[in-house]
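S.K.: The sequence isn't on hand, but the structure is:
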């Protein structure tokens, strides 16, 4: 009896509330169409460019994280791993920029 009542008292978070990122509609910068379907080095290089990220590569990292969060479980494992690789490459560019 106690275990059944406990489960009803604490519903699963995902069942009760949608993710915040699904409600965001604003786009301040526009990465090229289809960018996130390319290889990791192209994604990292493009997001680090001044044209896409005028405030620097950290802005590109935020765009990449936003895309991954927004895609959620809709990303395949191979696509997610490629985008995670792009995050590592972009992180290295950010570290290099901070050294200067």
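M.R.: Cool, got the structure. What you are looking at is a predicted structure, and each value in this text was computed from that prediction instead of being measured.

S.K.: and residue 61, what does it touch?
M.R.: 47, 87, 90-91, 94 (C-beta atoms under 8 Å, 6 or more residues apart in numbering). For the C-beta atoms, the positions are set from N, CA and C on the backbone; glycine is no exception.

S.K.: ok, now how distant is it from residue 49?
M.R.: 13 Å (C-beta to C-beta, to the nearest Å).

S.K.: With residue 80 instead?
M.R.: As for residue 80, its distance to residue 49 is 23 Å (criterion: C-beta to C-beta).

S.K.: ditto for residue 93
M.R.: Counting by C-beta to C-beta - residue 93 and residue 49 are separated by 10 Å.

S.K.: Point out where the protein drops to low pLDDT.
M.R.: Within the chain, the stretches with pLDDT under 70 are 1-29.

S.K.: Let me see the ranges of the strands in it.
M.R.: Assigned strands in the chain: none (criterion: DSSP state E).

S.K.: Can you give the distance from the longest helix belonging to it to the centre of its chain?
M.R.: As assigned by DSSP state H, the longest helix anywhere in the chain is helix 77-99. Between the centre of helix 77-99 and the centre of its chain there are 11 Å (C-alpha atoms, centre = their mean, to the nearest Å).

S.K.: buried ones in that helix?
M.R.: For helix 77-99, a neighbour-count test (16 or more other C-beta atoms under 10 Å) marks 82-83, 86-87, 89-90, 93 as buried.

S.K.: Can I get those in a markdown table including distance to residue 31?
M.R.: As requested, the buried residues of helix 77-99 are exported to a markdown table (distance: C-beta to C-beta, whole Å):
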| residue | distance to residue 31 |
| --- | --- |
| 82 | 15 |
| 83 | 12 |
| 86 | 12 |
| 87 | 14 |
| 89 | 15 |
| 90 | 12 |
| 93 | 16 |
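
S.K.: residue contacts, the closest residue in space to residue 80 that isn't next to it in sequence?
M.R.: In space, and not counting its chain neighbours, residue 80 is closest to residue 68: 7.1 Å by C-beta to C-beta, 6 or more residues apart in numbering. Contacts for residue 68 (C-beta under 8 Å, 6+ apart) come out as 75, 80, 83-84, 87.
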